[in-house]
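>>> build me a model:
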Amino acid sequence: MRPLYSLLFLIFIGLSLFALGEFFPSGIKAGDVEIHFYRLHDFLALDTSRQVNREIQDRLLKLEEKTNRLVAEDTVFNEAYSGDSISSDSSIAQLADVEFHIDSASGIQYPAGDSTILYPFFRELDSANTGSGVVRILHIGDSQIEGDRISGYLRQRLQQQYGGCGPGLLPMHEEIASRTYLRIQNSTIPLKYVLHGKPKPGPHSNYSVLHSYFRLMKDTASEDAFINDNVQFELNGQGYKRNSYFEKATVLCRNSRSKLEMAVSDQKRATEIRRFQASDSLRLVMWPMKSRSRKFAVRLSTGSETDLYGVCLDCKSGVAVDNIPLRGSSGLDLLKINPRFLQDQIRRLGVKFVILQFGINVVPYASTSYTWYENSIVKAIQTIKRSAPGLQVLVVGVSDMAQKKDGVWNTFETIPMVMEAQKNACRRTNSAFWDLYQVMGGKNSIIAWSKTSPPLAGKDYIHLTPKGAQVVGEFLFQSLQVENQKFKKFSTQTPIIP
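Have a look, this model is predicted:
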């Protein structure tokens, strides 16, 4: 066949396929087989940003500029291991004009109508740097907060404002390093039981707030009943400044059937050994550092049925924010944890505030009603709140997400229903709600976020980039600050009874 004829034949086939695409935009179904065709506008380099309100684009440019200033002027990122100097923290005063506009859409909402429910938390927050202990915040979410995104930035800003240091609660082992600033090393690989991702249920439901626990594996060739593991946590100084050091380490474990021995040593101290008899209770073993530290190493010697949960690296006072990402979770795995054990952890850890951020794993599953989801959120919040009087929960609404339908990217149609379920759960439990969907700009805003430079969202039109997480973290911080100012004004007029 001559080249010209071959070209004409290919053009004819292409035009025929385009015609089929226009006549059958949803494709052709034959039994279990579906055939979809490209349509003409798929090849016209359609700019999805045309679907997005220009105001969103302009707003994002301003947000990006402000977060850049916050990072540059506030010395957010670590420059030296000397700790926070007076000049670095005093630079907060320079940021008075670097605030995002917090309005009714982007601020914290109270669906049940009680705008004072966060006042006990703000009272604790304002006294965090007085040396009375750590004010702990749990940030539990899906893959949107994985790698300490959002949590890390929020932690830095809160610790700058109210004191504190360290990354907070960390798992006893990581198969894959998820945080650039942290390295966890084990001399033996422990067995992990986990509820989320690829679940591996354990022999009991006494999971940590991290939704997991670890056990040392016995060497079948050894007759020794005790197993040894050397665990080291090291902060490398990358990332946010106050993440780069800590003043105390607290080991969380439960040795219900075996004795337990812990040995800690470093260059500045002799080896200190502590021994514990078997106990079915949650155990928190605190090791104060003699000075600001980057490294914590502990030798564990115990039986194969001892549950190892994690280590908290904190300051002696101030704020701690624990990043608890549950990839693939809708937030309902929390209901699989023994509620009494979960509540005991929350009390013993001194948790004063819980942020729940889920939804991106619920939205893709279309449903005519999300009452089942609403009811489950209610149960989870109620379980958390029963841990301690005054403990409050903030539900972060699902972020914008987009899917491609008939060649065009648009926000998932199910988002309003999922968000309404989340808001209804807050109304039924008298909890606070933060509408991240509206904060981002509403419908199709995820597309605009992905088109900034640098991008604030990924091309999957679901996840935020680290830069986008910074923007969200700053918006959340500013929203909390606005509410705290309301509390301060209220408390000067009406004294709060402890």
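>>> spatially nearest residue to the residue most central in space within the chain, not counting backbone neighbours?
Note on the chain: the residue nearest the mean C-alpha position is Ile145, at 3.4 Å, using C-alpha atoms, centre = their mean. With sequence-adjacent residues excluded and distances taken as C-beta to C-beta, 6 or more residues apart in numbering, Ile145 is closest to Pro325, at 5.0 Å. The C-beta positions use only the backbone N, C-alpha and C, and glycine is treated the same way.
>>> and the helices in the protein, which stretches?
Chain-ordered helices for the chain, with DSSP state H as the definition, fall at 3-23, 54-73, 86-90, 119-126, 151-162, 339-348, 371-385, 415-429, 436-440, 445-450, 466-493.
>>> by contact count, what packs against the longest one?
If contacts are counted by 3 or more C-beta pairs under 8 Å, 6 or more residues apart in numbering; DSSP states H and E, helix 466-493 sits against helix 54-73, strand 108-109, helix 119-126, helix 151-162, helix 436-440.
>>> that one vs helix 151-162, what angle?
With axes from the mean of the first three to the mean of the last three C-alpha atoms, to 10 degrees applied, the angle from helix 466-493 to helix 151-162 works out at 30 degrees.
>>> of the helices and strands packed on helix 466-493, which shows the lowest average pLDDT?
Set side by side, those show their lowest mean pLDDT on helix 54-73, which sits at a mean of 62.
>>> for Arg292, see how far away Thr368 is.
Using C-beta to C-beta, to the nearest Å, Thr368 is found at 55 Å from Arg292.
>>> who has more neighbours out of the two?
Neighbour comparison, Thr368 and Arg292: the larger count goes to Arg292, with 16 against 6 (by other C-beta atoms under 10 Å).
>>> and the closest residue to that one other than its chain neighbours, how many neighbours?
For Arg292, ignoring the flanking residues on the chain, the nearest one in space by C-beta to C-beta, 6+ apart is Tyr245 at 4.3 Å. When counting by other C-beta under 10 Å, one arrives at 23 neighbours for Tyr245.
>>> ends of stretch 264-273, what's the gap?
With C-alpha to C-alpha, to the nearest Å as the measure, the first residue of stretch 264-273 is 7 Å from its last.
>>> so which bits of that stretch are buried?
Of the residues in stretch 264-273, those scored as buried under the neighbour-count criterion (16 or more other C-beta atoms under 10 Å) are Val264.
>>> off-centre distance for it?
33 Å (C-alpha atoms, centre = their mean, to the nearest Å).
>>> who touches it?
By C-beta atoms under 8 Å, 6 or more residues apart in numbering, the surrounding residues in contact with stretch 264-273 are 261-263, 287, 290-291, 293, 295-299.
>>> hmm, 7 Å instead?
When contacts are taken as C-beta atoms under 7 Å, 6 or more residues apart in numbering, the neighbours of stretch 264-273 outside the stretch itself are 261, 263, 287, 290-291, 295, 297-298.
>>> of these, just the buried ones, PyMOL syntax please.
The command below creates a PyMOL selection of those among these that count as buried (16+ other C-beta under 10 Å):
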select buried, resi 261+263+287+295+298
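>>> just send the contacts of stretch 264-273 back as a markdown table, with pLDDT too.
Supplementary listing: those in a markdown table, determined by pLDDT from 0 to 100:
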| residue | pLDDT |
| --- | --- |
| Glu261 | 96 |
| Ala263 | 95 |
| Trp287 | 95 |
| Lys290 | 88 |
| Ser291 | 90 |
| Lys295 | 95 |
| Ala297 | 95 |
| Val298 | 96 |
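>>> farthest pair in the contacts of stretch 264-273?
Farthest pair in these (C-beta to C-beta) is Glu261 and Ser291. Separation: 25.6 Å.
>>> mind checking how far Tyr110 is from Glu483?
As for Tyr110, its distance to Glu483 is 10 Å (criterion: C-beta to C-beta).
>>> give me the more crowded residue out of the two.
When Tyr110 and Glu483 are compared on other C-beta under 10 Å, the one with more neighbours turns out to be Glu483, at 22 against 17.
>>> what about Val396, how many residues nearby?
The number of residues packed around Val396, counting by other C-beta under 10 Å, is 25.
>>> ok, and the closest non-adjacent residue to it?
Beyond its immediate neighbours in the sequence, the residue positioned closest to Val396 (C-beta to C-beta, 6+ apart) is Gln357, lying 3.9 Å away.
>>> and that neighbour, bridged to which residues?
Legend: beta-bridge partners of Gln357 under DSSP bridges are Gly141, Val396.
>>> look up how far Val408 lies from Leu15.
Going from Leu15 to Val408 by C-beta to C-beta gives 22 Å.
>>> who has more neighbours out of those two?
For the pair Leu15 and Val408, the greater number of neighbours falls to Val408 (14 against 10), based on other C-beta under 10 Å.
>>> let me know the pLDDT of that one.
pLDDT recorded at Val408 is 89.
>>> can you pull the contacts of the residue nearest to the centre of the chain?
Going by C-beta under 7 Å, 6+ apart, Ile145 touches 139, 151, 323, 325, 357.
>>> surely the second one is in contact with Val321?
Yes: under the criterion of C-beta atoms under 7 Å, Ser151 lies in contact with Val321, with a separation of 5.6 Å.
>>> who touches both of those two?
With C-beta under 7 Å, 6+ apart applied, the overlap between the contact sets of Ser151 and Val321 consists of His139.
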